[in-house]
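S.K.: missing the sequence, but the structure's below:
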């Protein structure tokens, strides 16, 4: 996998977005030329970048086409054609210095994070040796309109898995571009003019950053700008480093002209050599806002007005590429410029022009302070002053401003430039927005104006916001401040759980016992106090020394409550949860201004808000094994939610023992005497056998049946059979197919293993599991469900139906705002809602890793498909008949051949079919492959998908090179990622390159297939933390040698070893024999399979006989 980089490169008139890619290569593939500007050795070629972008639906052609269409209205046929956007740029990068005769190499971006101007590189000793040197990269240049469309197409939200290819600087520009969309949506732009260095003038649309919101955003974005955005010498103002991209040749840039000591390293805030972050940011905003507005108004008819205006208006709506200037006489231009300057004077300091280097450095603005009346006054006062933009508490009153006539006012270690001029400009703007101010301005030194109570209410409701949105400051009394600080008439609730019957389970819809009172903020008020406030007949009232606004809707709702309309008012557990998370804070049309929970309800809310703080409960005595501490906590968490009738999603990383925790939880219920009905476990067909074995291993006291196969019971027979059982295991495909049978049972619990199987809510199996009647629901998954919103909704809707609303509501309320607009508030609200029901621990968590062994070995049992079983039985029958007639060496050879073919068949029937076929190159005929024909392949797919989603890497060992040749293209097609394959015929150079990539390329392939003999010795592959033995050597010592390629010096992570075994076949039976003699077998490398050839025919028959009950058939 590669990394996509890019930044805005300013030009004299506009600028462009330069996109380039970085991909890891071995040093053997890199060549450098002395005395020339070195090309970035890891930079993508044009073909590589084009292919990479197309693979992510970011084909450059589609964005160039949009840009051409946008300009088509302003160009005549036969005019200048669009140039090819491929070009070169110089970028300053942290570089590993040359040593021992090797050239210097740039450090891969995945090894150094320069995400903001204040960040420093990695603190490792290696990082301290890095220097910042110039490198030449090839990439794509996008003009403003194409850049906007490109940035819009980039993914938002989580940058994990398939979305982890974006460099920090592209993510930054994507967010700034969305800010420009917000400016357009709010109408924050004005038409204007700007003068070029050669004296010519152009028309343009200029962003207006006059509101408090935008000024704060500007400061925030400047601080957060990745320093990689400023790493392009094209942006440097020094003549020595000013480059013309059309004439960018290595010979024009000798390395001596760009010594690292001459430039500020990009990890530091740019000072004089690199363009300041604000100038770069403003240039980008100016270009993209101008381009988008012109694109919107292109073709608009121009009104017939005086000549200068016609030319100007036509230019504003031409949607040209900024190559045209206004063909007006200098006198005419002067009059037009003067008129525009007079018109925009009040906001001029906040207008962004193409040549803006920074906005006004005067960080003070005119503000208005609302002051309540004193006891002897009737009217309110609106005082004037100056307020610090970055410190709203710092306010200078009007009297101080008028008493100081200088150009610079020093106050509290801050400087106000031209205080009186700034103050008057703000007052002038405010007068047009809020007329009650205007009479006071006739005074020689205006300091305040008076407002009636009605004026104040209108000011708070509308005018204050309008003034703030235009860059003016507002200071309100504490109780009148908007948002969380507002004191409002509402309802105070005290809730608790009503008395329950023994073993009664609650749920989200269970009703609570509660008491209510009217309240203003934290203070409750009686009906008498409420009536007293109503008698004042004022929209503003004073309560305990604080003023507040009475909203008409709140007053009406309160009056209805006092009339007795609360008799039917209810409060559920779900309501309480929503109130505490802030998602819904109204009851009976009144805001809940105060909420208290007591007793068990308080315990519920406290524990749900910090679900990992739950104390572990004692391990069930009948559990055959030892739970690790984090597993005991997980079991306790499941038990806690079950007690409340709430659905739970256990989303621990793969290998942390979700199955064991679930089984221990069921034993806990059994020992508590509350497991009174059957529990249904729904899982992929490939793990049916695994589940049966795990239950038998950890909880033999739980009576279990597997509902599967063509002889499975149905209807009343099934209902009768499960009454005496605790665990029934079935597959997702049968949940839909046997819906009538399963619906006929009153399940105590329904458990979904690998719950991502219901990620598509429209799928029949997803709908079927949601219709099952049950007391509690649990979902097990190893994938990070919060990163996939549609999958998250489907799983939560199964666990707690209706909790997140229906699918359309969820899309409108959460998915669209989060995924399309990057709405952090919606994301935070959604997380607060679902967090109580999801417990996810990672292998890398400090509290988890100390509980884990350094190496975990586990058997993965898989069933045979029906197709495999048919061929297996035929092979056994035919071979045993021939073996019985043979003797001596011939007999031994026939036995070994049978065992070999059975092992191949257990992998996949295609491995037998490809036998004898000539395989070209490294890969085989992928058309023979299907996971439906092999239980092993199906399970391998599922486990690899989970490992990849967690960012893990895995080795797949096989003793059959032909299997590797089939597996490589199949997995590449399945996951859309490159898969490495090393076997005996791999040349030494290719072998070294593969190992180098897997070990050292941060974005390299995460799956590496190795033949057991070729990869079993002499390798160091410690980047992997999963080892998959898909077929068995039947010699633990040989398998351990292969595993040691990962589990050796240099391994920093816990290693999970997965050994695949087909149940009901010779693999399972030989595994049982080996397990019984494992200690001896592990010490004997040469044991091999020869001992199997000494068996007589009956012993061999028992060994290879197929157990038909283990066959899986969907």
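M.R.: Sure thing, it's come through. As the structure is a computational prediction, the values presented were derived from the model and not from experiment. Residues are numbered from 1 along each chain as shown.

S.K.: Let me know the average pLDDT across stretch 383-390.
M.R.: The average pLDDT within stretch 383-390 is 91.

S.K.: which of the residues in that stretch are buried?
M.R.: Within stretch 383-390, the residues that count as buried by 16 or more other C-beta atoms under 10 Å are 383-389. Quick note: C-beta positions are derived from backbone N, CA and C, even for glycine.

S.K.: Of those residues, just say which sits nearest to residue 982.
M.R.: For the buried residues of stretch 383-390, the residue nearest residue 982 by C-beta to C-beta is residue 389; the value is 61.1 Å.

S.K.: List the contacts of the closest one.
M.R.: Residue 389 makes contact with 212, 215-216, 363-365, 473, according to C-beta atoms under 8 Å, 6 or more residues apart in numbering.

S.K.: Then residue 998?
M.R.: 953, 980, 1004-1005, 1008, 1021, 1023-1024.

S.K.: element containing residue 645, please.
M.R.: If you go by DSSP states H and E, residue 645 is not part of any helix or strand.

S.K.: Excluding sequence neighbours, find me the nearest residue to it.
M.R.: residue 507 (3.5 Å; C-beta to C-beta, 6 or more residues apart in numbering).

S.K.: And the pLDDT for the one you found?
M.R.: 81.

S.K.: Is it part of a helix or strand, or is it coil?
M.R.: coil (DSSP: H, G, I helix; E, B strand; the rest coil).

S.K.: What number of neighbouring residues does residue 850 come out with?
M.R.: 10 (other C-beta atoms under 10 Å).

S.K.: For it, give me its contacts.
M.R.: Residue 850 sits next to no residue when contact means C-beta under 8 Å, 6+ apart.

S.K.: what does residue 863 give?
M.R.: 685-686, 688-689, 935, 1062-1064, 1110-1112.

S.K.: So which of those residues is the closest to residue 138?
M.R.: residue 686 (45.7 Å).

S.K.: Is residue 18 in a helix, a strand, or coil?
M.R.: Of the three states, residue 18 takes strand under three-state DSSP.

S.K.: what pairs with residue 387 across the strands?
M.R.: residue 365, residue 395 (DSSP bridges).

S.K.: That one touches residue 394, doesn't it?
M.R.: Yes: Residue 387 lies in contact with residue 394 (C-beta atoms under 8 Å); the separation is 6.8 Å.

S.K.: just to revisit the earlier point, include secondary structure when you put the contacts of residue 389 into CSV, please.
M.R.: Output for these, formatted as CSV (three-state DSSP):
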residue, secondary structure
212, helix
215, helix
216, helix
363, coil
364, strand
365, strand
473, strand
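
S.K.: Which one (most neighbours) among those?
M.R.: Counting neighbours by other C-beta under 10 Å, the top entry in those is residue 364, with 29 neighbours.

S.K.: For that one, list the residues it contacts.
M.R.: Neighbours of residue 364 in contact, by C-beta under 8 Å, 6+ apart: 386-389, 396, 416-417, 419, 422.

S.K.: how about the strands in the stretch 101-250 of the chain?
M.R.: 105-106, 131-142, 189-195, 201-207 (DSSP state E, counting those that start in this stretch).

S.K.: right, and the ones you listed - which one's nearest residue 910?
M.R.: strand 131-142 (41.7 Å).

S.K.: re the thing from before, nearest to residue 797 among the contacts of residue 364?
M.R.: Nearest to residue 797, judged by C-beta to C-beta, of the contacts of residue 364 is residue 389 at 45.2 Å.

S.K.: Skipping its backbone neighbours, what lies nearest the closest one in space?
M.R.: In space, residue 389 is closest to residue 363, 4.7 Å off (C-beta to C-beta, 6+ apart).

S.K.: For that neighbour, which residues are in contact?
M.R.: Residue 363 makes contact with 388-390, 414 under the criterion C-beta under 8 Å, 6+ apart.

S.K.: And residue 280, by the same measure?
M.R.: 8, 10, 225, 229-230, 235.

S.K.: Among these, show me the least confident.
M.R.: Minimum pLDDT across the contacts of residue 280 falls on residue 235, with 48.

S.K.: so residue 517 sits in a strand?
M.R.: Yes: assignment of residue 517 by three-state DSSP places it within a strand.

S.K.: Any idea how many residues pack against it?
M.R.: 14.

S.K.: What's the per-residue pLDDT of it here?
M.R.: 89.

S.K.: Which helix or which strand is home to the spatially closest residue to it that is not a sequence neighbour?
M.R.: Closest residue to residue 517 apart from its sequence neighbours, by C-beta to C-beta, 6+ apart: residue 524 at 4.3 Å. Element membership of residue 524, judged by DSSP H and E, is strand 523-525.
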